[in-house]
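Asks: Structure, please.
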Amino acid sequence: MRKARLYRVLCLLIAVVTATVLAMPAVAQQQNERQPAANPLVRLLQSKGILTEEEVAMVSQAATPNESERRLAKLLLSKGLITQEDYDLTVGASAIEVAADGTAGARMIPAVLRVPIGSPGSAATAAAAPVPQAPKPTPVIPGVAPIRVFPVDPPKREGLIPAIKLGRISLTPYGFFKASAIRDSSSPEGNDFPLPMFRVDTGQDAAPEFHVKARFFRFGSNFEWLDPSPNLTITGRVEADFEGNFSRVSNRNVSTIRSNMFQIRLAYARIDYAATDHTSLHALFGQDWTPFGSSTLPALFESTGLGVGYGTLYERAPQFRAGITHNFGGSRNFKIQPEFAIVLPAFGNLPAASTLPGGVDAGTALGNQLAFGERQGVDSDRPEIQGRLALQFQLDPARGVAPAQIIVSGMQGKRTAVVLASAVPAAFKTPGSPFEHGARVDSTRYGLSGEIQLPTRYATLIAKYWNGEDLRFYFVGQLGSIFNDTFGLTGTASVASVDGSSTVVFGTGPSGITVAPQRPVRAQGGFINVGFPLGRIFGANPEGRNAGWQLYLHYGFDNARTRDIKRTTIKTNKGDMAAGTLVYKLNSWVSFVFEESLYRGRVANPLATGAAANLFRGIPARSARDLRSEFGTIFSF
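Replies: The predicted model follows:
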């Protein structure tokens, strides 16, 4: 009888064990399918820079919560944040535990020495002991971070901390108030920012000026639209400032000099799709920084022009952009991001009253400009093509140091100057003439750029070199654009293009009547900028007031080809600048800045006389300079 009962018990035990073993793969599969998201502690450790994105993914994708805890503890041990003893106390030995629903799973439980209750070292005594805590990371003064308007890392889903939430839409405003007092030793055009030299005569002296300006004020907002798909992240940005020129209307005629216009800088929406754990796709629609040349910007306090005509190539323009980001991981966390964009083909030439049909006055020229702007790019009937390739990696593994980047970019565009039939000179509009119904003349432009950003714990080096032609729209090439190549033509006649931004020259050549080809002005340049975290270098207290000292040294140059620039109305062929910027950050929101800079220009034709003479202080000169001192404050939010 006992044998039969024992036999039935053994059969029951075998059946229970068999069912449990068979159920374990199904349970594991269900847990894998659930893919638990990172818990709040893991997210906090990632935001503090303790865990990387790959480590977060490894912890979050564990089969069970207990396995996730074990992986997290193992990572903290490897980073030196907890000791081996802390790890053993927290993780301990493993055991099989049967859950309330009858399923079984492996769970890590603390290993406790089993001794009689009440004796020293018993479980009750151990339970009353304080739980070991991971040591708090020692505060550190961060290295100088480069200004990055093109982040390689895709935006994180629900990574935006909303100040305003409207349903599934989150908004976070940002911006700054910036004011400065400026003294220029030479500012003959009355601007509160430097432009290339020799654009106008300075008069009997160098035309020194003093300005106080507050039109730097900038305001923007980040957006996120929460999509039901966990792999889809939809974000956007709108940004504007008061850097536009004065608005001259009846109620502002007297005070127009302090009434700047609010103008858009950025306005775009972006979609990111996480294709795999390491690869994401993105597309952007709207106005953003151009992929060509805008990835690296210098840390200059003078940001109205930011080195216009002195080597700082950049621009913002309407565009459709798409790209891929792939994370190779590894000890250097290597990432690559290629991007491609179609961009508004803009060239930025101004309509001139003297060239408009009929010799109209300046008021009409301004109205013409406001009505449709410079249209030679869109008249080409094709977009500007731009591309960018960025490589990102951790050059210096020290805490508080941003990753390094190497970027190459390029673009190619086309412009078309249109002459209406009514503007074609009579001698070139005879019946059967190729210009009987008007004329069109095309020119192309291109640009190439190489950029580096190398942050380390004690210095951050950024640099850019560019080369191209017809780069006026990108604020370089001494703002030169194109010229008419009239070599070999006779009986020439000049007329204005339909937008008045250039002239078209008709003439007679070896093959008959024709129009002079329009050639682009070729140029090259760049800059180098080095930032030093003085507080970190001199061992300041990271939580003290001296932690916020930074120093930047900068040099930039812009060189237009002399042979090309001589055939335009521009007088300078080279501009360069040197600057030193001292920054004191009182806290995360308030900074005080002093910048001393020297801007220089050199003429392309030092032998010019008469109306074309190069005058500085009222006398012919080969070069000119502006020594600029600027002090100001920045209040960020």
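Asks: going forward, measure contacts and count neighbours with C-alpha atoms only.
Replies: Noted.
Asks: Name the spans of the stretch 201-350 of the chain whose pLDDT lies under the cut-off.
Replies: Within the stretch 201-350 of the chain, no stretch has pLDDT under 70.
Asks: in the stretch 501-637 of the chain, which spans are helices?
Replies: 534-537, 562-565 (DSSP state H, counting those that start in this stretch).
Asks: Turn these into CSV, including mean neighbour count and distance to residue 622.
Replies: As requested, those are exported to CSV (neighbours: other CA atoms under 10 Å; distance: least, CA to CA, whole Å):
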stretch, mean neighbour count, distance to residue 622
helix 534-537, 22, 39
helix 562-565, 20, 14
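Asks: Out of those helices, which gets nearest to residue 379?
Replies: helix 562-565 (24.2 Å; CA to CA).
Asks: Which elements pack onto the closest one?
Replies: strand 572-585 (3 or more CA pairs under 8 Å, 6 or more residues apart in numbering; DSSP states H and E).
Asks: show me where the stretch 501-637 of the chain has strands.
Replies: For the stretch 501-637 of the chain, the strands defined by DSSP state E, counting those that start in this stretch cover 503-509, 512-515, 518-520, 522-533, 549-560, 572-585, 590-603, 615-616, 619-620, 623-636.
Asks: so for the first one, what's the average pLDDT?
Replies: Same thing as strand 503-509. Confidence over strand 503-509 (mean pLDDT, whole number) is 95.
Asks: next one: the second one
Replies: Over the span of strand 512-515, the pLDDT mean works out to 94.
Asks: Same check on the fifth one?
Replies: When pLDDT is averaged over strand 549-560, the result is 98.
Asks: And the third one, by the same measure?
Replies: The average pLDDT within strand 518-520 is 97.
Asks: so what strands line up beside it?
Replies: Next to strand 518-520 in the sheet, as set by DSSP bridges, lie strand 482-484 (antiparallel).
Asks: Name the spans of the stretch 351-500 of the chain whose pLDDT lies under the cut-off.
Replies: 352-373.
Asks: hang on, the earlier thing: figure out which of the strands of the stretch 501-637 of the chain is closest to residue 212.
Replies: Comparing these by their distance to residue 212 (CA to CA), the top pick is strand 623-636, with 9.4 Å.
Asks: ok, and what's touching that closest one?
Replies: The contact list for strand 623-636 (CA atoms under 8 Å, 6 or more residues apart in numbering) reads 174-187, 197-198, 302, 588-603, 616.
Asks: Just the buried residues of the residues you listed.
Replies: Buried residues within the contacts of strand 623-636, counting neighbours by 16 or more other CA atoms under 10 Å: 175-187, 197-198, 302, 591-603, 616.
Asks: Give me the most central residue, this structure.
Replies: Nearest to the mean C-alpha position of the chain, by CA atoms, centre = their mean, lies residue 149 at 1.2 Å.
Asks: got a list of what it touches?
Replies: Going by CA under 8 Å, 6+ apart, residue 149 touches 289, 294-296.
Asks: As TSV, those with secondary structure and distance to residue 337 would be great.
Replies: Putting the contacts of residue 149 into TSV (DSSP: H, G, I helix; E, B strand; the rest coil; distance: CA to CA, whole Å) gives the following:
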residue	secondary structure	distance to residue 337
289	strand	16
294	coil	15
295	coil	12
296	coil	15
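Asks: And these, which of them are buried?
Replies: 289, 294-296.
Asks: Determine which two of these are furthest apart.
Replies: Top of the distance list for these (CA to CA): 289 and 296, 10.8 Å.
Asks: Check the gap between residue 538 and residue 550 for me.
Replies: Distance of residue 538 to residue 550, given as CA to CA, to the nearest Å: 11 Å.
Asks: now do residue 290
Replies: Using CA to CA, which is the criterion applied here, residue 290 is 29 Å from residue 550.
Asks: swap in residue 314?
Replies: 24 Å.
Asks: what does residue 608 give?
Replies: Counting by CA to CA - residue 608 and residue 550 are separated by 45 Å.
Asks: which one of those two has more residues nearby?
Replies: More neighbours surround residue 550 than the other of residue 608 and residue 550, with 21 against 13 (other CA atoms under 10 Å).
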